[in-house]
Structures are given as structure tokens and as C-alpha cells.
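Engineer: Sharing a model that was predicted from the sequence below.
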Amino acid sequence: MSNGAQALVKTLADAGIELCFTNPGTSEMHFVAALDGEPRLRAVLTLFEGVATGAADGYARMADKPAATLLHLGCGLGNGLANLHNARKAQVPIVNIVGDHATWHVKYDAQLQSDIETVARNVSPGFVRSARTTATLCVDAVEAIAAAQAHPPQVATLILPADVSWGEGGEPSAPPVLAPAPCADAATLAAIADVVRSGAPTAFLLGGRALREPGLVAAARIAARHGVKLFAEVFPTRMQRGAGLPPVERIAYLAEMAGVQLAPYRHLVLVGAKSPVSFFAYPGKPSDLVPDGCTVHTLAGSAQDAEASLDALVTLLDAQHSEAQRQVAQRPARPRGRLSAPKLCKALGHLLPEGAILIDEAITSGLMLGAMTQGAPRHDLLTLTGGAIGQALPNAIGAALACPRRPVVALVGDGAAMYTIQALWTLAREQLDVTAIICNNAAYSVLNVELDRVGTQAGGPKARAQLELGGAPLDFARLAQGMGVHAVRVDSAEDLCKALDYAFAQRGPHLIDAIIPEALAGTRRKLLPWLLRSLPKLPAPLAQALKRKIAP
């Protein structure tokens, strides 16, 4: 006869869950012990819960199925919340298992007692359940697995009391039967086809699975046939791009720039994406980025099959024989001289390996990354979907485990890296093929921009001190070496390229501590010239429109 934990572990494995990212405590010991009896479920230890949850997110993005997490009580869940928030916004499947005190121990209000369900609902609003008995535990687990893989996918949280885990009489449950996502209905398809045929300026905003190759090709056929513009959401969960794939312009992070991008269009068709809004509110500026006079339509929402809906629309618009535009193979030249943020992006564009998984959490330092890598060999791009920093290094763990034959590159700012620096230890322990590049500019550069954009006066020394990382220099190369990761520090483009050559030639974890000047001067007067230098060349009318929006 099995105890609850043993039955639960078998239920997870029977449902196809192959990985569990753990940071366990006393309440989870029976689950930990049960792992030895189930060879199909691999357990990966992390030293911080935010690494476990971020790794599960990265795995789900690349494997298209859930991993499990194992967290210790409400405090452990709290430590993992930021990356669960990113996973929720990315709409990826995760089975989030949180240990709890034994049911009869709760009334004593022990030191680690907390309201786990309330905490979990912030990141797992669609499914939170506390298992009550050993006999029904695996039924609860199967329902959690089904909820995680619903349409759209989500974080499903199962709370596991210790006595339910150790209790005898556990019975594994059969895997859930999953229904396919529905396609757009005939009326919707006909309405969108009429919009496209109208000849009015029309743009498609692609998100979710519409940013995989089948969806991109279908959308590009429509664009070629009918002249629509293709955009991608600003922070895609997973976007396939590079040479041979249809190029798609991402909506800009800055609301001023996004407004310029969308201004020419009278119709905006959403395909697996939300209607665009400003990342933050700003005094005197709209939060809704859809321009006046532009009508928003939805071809496929997040609960629908975006790829199938695009295919159906291609047929309806007689675009199946149209030639989709493809990105030509084109790499930038090898950069030289003192290292800068644009040169760092240029080096990646010059050297990015075929089939790489590129994770971008570089914030300001990565502004040129899209332009410099668009003609690189095919790769997948993962981005900071929820805005909670500390995602890239944990995502890299999950992505590398999901795709062990593909190189993973994580580009991350120095401030963001410090949130989940413990990920380096797991990279070393698991010997994962990840190259982490830390943009070490000793500042939260994006906040220097935001300080001005929210309408404050020029920041004084106290204000600026909250946005700078100077005074106690961070040596990421030594931090990485202390956790068993090969690491070098570079401050020239030549040394960066040499370090990348080595990292891409030698499997295993590597870290490059890239010393670059602060990306932004942090004043409104200097913001516009910096933007126009850093972004791909804009047509003159768009540059003038942007100038009017940003200039004081």
C-alpha cells in the first residue's frame, strides 16, 4: 500500500510530468522520500524558491507541458511569487505543489503557519486547492494537472498537508483527458476577412502560439496577399525568429514609441494577444495604446487555437498560395573597441549559434538586441512577460532541461541578476549548457528613464542613490566561480567575442561579466537622442512624431 506522497509522485509521472523543481522543508519530506521510487520524475534542487518557479516557467515555455514545483509552506510560496507572476502572465502550465502543516497542527498557529490559499490566489487564480485526505489526494492532483493544461494554460496550485502526504491508502489516479483548444468560429472569421478585404490600414497583433513558425507563416501569407502589417506583443512568451522565418516587428515598451507604431492603422486584429496598454500609468498620458479611430477586433483569444484560426483565415482570404516574406540570413560585423550595450548586442548577433534559446532580461542594455539578431540563425526568444525581474537565469535552467541539445543564452541586467543569483549553483550542479551574460552597468538604468517620464523634477542625490549600484561593486565573475560556473570578466568587444566563442564551443555553464557604461544618462533632454540612436532607423515622419511625444 502506498502513502499519499508515493501515490502523488506516480500520478504526476503517469500524466507526463517529468521534472519537479524543488526547495523542500520538513512538511515535504515524504514527497522527497517518494522521489526515489519513481524513476520517471527527475527532481532538480534549487537554493531559492524564485529559482524553482522561474525554472518551471522556462521549462513550460520550451516543452509545451508543465513541470511541477515543490515549495515549503506559505513563506516558500511567497519567495517564489515573482516568477509565478511572470508565468501567469506568460500563460504557461505549472503544477505548483506547496507543502503545509498537518491538518491537526494548524490550530496551534505554529511559527510557519500562514494562509497559503490567499497567497496562492495572486498567481493561481484559476485553481487553488488544499488536499484534505490521502484517499482523495490524487484526484485533486489530476484536476490540478488538467487545470494547468486548460485553455489558456495556467499555474495550478495544490496545497499538500503533511499528514495527507504521509497517510496510508494513497491511490494513483489516471491522467486527465485534455480537450483541444477551439478555433475561431465562422462568424468571427468572416468578420475579420471583411476587415482585411476593406483595404483600410490594418495591423495584426500576434501573441502566444501565433508567434511560432506555423502561425507566423500563416500571418505572413495574409500580409503578402492583403498588405496588412504584422506586430508582435511587446513581451512574448516564446517567439520563433531569425533567418528563414517571417520577420515581425515587436510593439515597443515605451508607450510613446508604441503610439507611433500603431498610429497609421484603422483596424487592429488580435491573434492570441491582448489589446496593447502602457506598462505603467504616466501623468497626462493615455494607458490605452490603441489610437483614436482604430477599431480592435479579436480573431483568437487566449483560450482559442491561434494557429488553426490563422490557417482558416488564410483559406478564407485565398492567401494559401501567397509567398510569405522571410528574413534573410544577415549577421552584423564583429564589434571592436570599448564595450557598450549596442556592441554587446552586436556581438550576440554576430555569434549566436543555430537553434539557440535566447532569454532577454537585459532591460535597457538589450534595446538593440532585436535589430542585431533578426538575421541570425533561427532561434527562440523568451522575454520578461510579467515585468517581475529575476526571471532570466531561472528560465535558462528550465529551458536547458527542456531542450538539452540546444544552447541557451541568458542576457540579464546586473540588478535583475542579483534577484535570483542562486540559479548559478543549479546550473553548475546540473551541468547545463547555458551562457549567462550579465550587463554590468552598476545601475537600474531603466529607472533613470522612468524617474523623468513620470514627471518628477531632476532627481537629487538621495533619489539617484536608489537607482545606482555603485559604491559596492558587483563582481559577477567571482560570484559565479564561487558557485562552480566558469566565468570571465570583459570590458572590450574583442574580449566579449572571445568569451562567447569559447562558451559556444564548450558545453556547460558559462558566465560573462560584461562591464559596460551606464546605458542611459537619465534626463528627459537626453532621452530622445538616445532612443533615436539606439532604435533601428525610423522613417522621418515617425521620428518627428516620436519627438513631439517625448520632447518637453
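Structural biologist: That came through fine. Numbering: from 1, shown residues only.
Engineer: Tell me who's in contact with Ala303.
Structural biologist: His151, Pro152, Ala181, Pro182 (Cβ atoms under 8 Å, 6 or more residues apart in numbering). Just so you know, the C-beta spots here come from the backbone N, C-alpha and C atoms, and that holds for glycine as well.
Engineer: which SS class is the third one?
Structural biologist: Yep, that's Ala181 we're talking about. Using DSSP: H, G, I helix; E, B strand; the rest coil as the criterion, the local structure at Ala181 reads coil.
Engineer: you'd agree it is up against Glu307?
Structural biologist: No - counting by Cβ atoms under 8 Å, Ala181 stays clear of Glu307, with 9.3 Å between them.
Engineer: The two: which is more packed in?
Structural biologist: Legend: neighbour count by other Cβ atoms under 10 Å for Ala181 and Glu307, higher for Glu307 (24 against 20).
Engineer: Which positions in whichever helix or strand the more buried one is part of come out as buried?
Structural biologist: Under the criterion of DSSP states H and E, Glu307 resides in helix 306-316. Under the neighbour-count criterion of 16 or more other Cβ atoms under 10 Å, helix 306-316 has Ala306, Glu307, Ala308, Ser309, Leu310, Asp311, Ala312, Leu313, Val314, Leu316 buried.
Engineer: average model confidence for stretch 247-254?
Structural biologist: For stretch 247-254, mean pLDDT is 93.
Engineer: So what would you say the end-to-end distance of it is?
Structural biologist: 21 Å (Cα to Cα, to the nearest Å).
Engineer: One more: stretch 69-87?
Structural biologist: In stretch 69-87, first residue to last residue: 13 Å (Cα to Cα).
Engineer: Now do the same contact list for Leu270.
Structural biologist: Residues near Leu270 by Cβ under 8 Å, 6+ apart: Leu205, Gly207, Val296, His297, Thr298, Leu299, Ala300, Gly301.
Engineer: Now rank the residues you listed by neighbours and give me the top one.
Structural biologist: The residue in the contacts of Leu270 with the most neighbours, by other Cβ under 10 Å, is Ala300 (32 neighbours).
Engineer: Check the spacing between it and Leu189 real quick.
Structural biologist: For Ala300, the distance to Leu189 equals 10 Å [Cβ to Cβ, to the nearest Å].
Engineer: what is in contact with the two at once?
Structural biologist: Counting by Cβ under 8 Å, 6+ apart, the shared contacts of Ala300 and Leu189 are Ser309.
Engineer: pLDDT of the helix or strand hosting Leu137, averaged?
Structural biologist: According to DSSP H and E, Leu137 maps onto helix 134-148. Mean pLDDT, computed over helix 134-148, is 98.
Engineer: The helix or strand hosting Leu270 pairs with which strands, and in what direction?
Structural biologist: Using DSSP H and E, Leu270 falls within strand 267-271. Strands adjacent to strand 267-271 in the sheet, as given by DSSP bridges, are strand 202-206 (parallel), strand 295-300 (parallel).
Engineer: Contacts made by the last one with the rest, please.
Structural biologist: Surrounding strand 295-300, the residues in contact under the criterion Cβ under 8 Å, 6+ apart are 183-184, 188-189, 191-192, 195, 204, 210, 266-272, 275, 290, 306, 309-310, 313.
Engineer: From those, list just the buried residues.
Structural biologist: Buried members of the contacts of strand 295-300, counted by 16+ other Cβ under 10 Å: 183-184, 188-189, 192, 195, 204, 210, 267-272, 290, 306, 309-310, 313.
Engineer: so Gly126 touches His151, yeah?
Structural biologist: No - using Cβ under 8 Å as the test, Gly126 is too far from His151 to be in contact (11.1 Å).
Engineer: residues touching the residue lying closest to Asp14 once chain neighbours are set aside, list them.
Structural biologist: Nearest residue to Asp14, sequence neighbours excluded (Cβ to Cβ, 6 or more residues apart in numbering): Pro175, at 5.4 Å. Taking Cβ under 8 Å, 6+ apart, we find Pro175 in contact with Asp14, Ala15, Gly16, Val142, Ile145.
Engineer: at 10 Å what do you get?
Structural biologist: In this structure, Pro175 makes contact with Thr11, Leu12, Ala13, Asp14, Ala15, Gly16, Ile17, Val142, Ile145, Ala146, judged by Cβ atoms under 10 Å, 6 or more residues apart in numbering.
Engineer: what's the farthest-apart pair in these?
Structural biologist: Ala13 and Ala146 (15.9 Å; Cβ to Cβ).
Engineer: list the buried ones in the helix or strand Thr157 falls within?
Structural biologist: Element membership for Thr157, per DSSP H and E: strand 155-161. Neighbour counts over strand 155-161 (16+ other Cβ under 10 Å) mark Val155, Ala156, Thr157, Leu158, Ile159, Leu160, Pro161 as buried.
Engineer: bridging residues for the fourth one?
Structural biologist: Counting by DSSP bridges, Leu158 is bridged to Ile97, Arg129.
Engineer: Neighbours of the nearest residue to Val95 once chain neighbours are set aside, how many?
Structural biologist: Closest residue in space to Val95, ignoring its immediate chain neighbours: Ala68 at 4.5 Å, by Cβ to Cβ, 6+ apart. By the criterion of other Cβ under 10 Å, Ala68 has 29 neighbours.
Engineer: Confirm that Ala68 sits in a strand.
Structural biologist: Yes - assessed with three-state DSSP, Ala68 lies in a strand.
Engineer: quick one: contacts for it?
Structural biologist: Neighbour list for Ala68: 8-9, 12, 15, 17-22, 31, 41, 43, 52, 56, 59, 94-97, 141, 144-145, 148, 158 [criterion: Cβ under 10 Å, 6+ apart].
Engineer: next one: Val106
Structural biologist: By Cβ under 10 Å, 6+ apart, the contact set of Val106 is Asp100, Gln113, Pro161.
Engineer: what's it sitting at in phi/psi?
Structural biologist: Here is the backbone geometry of Val106 (degrees, to the nearest 10): phi -60, psi -40.
Engineer: From Gly4, how far off is it?
Structural biologist: In this view, Val106 and Gly4 are 17 Å apart by Cβ to Cβ.
Engineer: can you check His151 too?
Structural biologist: 30 Å.
Engineer: neighbour-wise, which of these two wins?
Structural biologist: Applying other Cβ under 10 Å to His151 and Gly4 shows that Gly4 carries more neighbours, namely 30 against 16.
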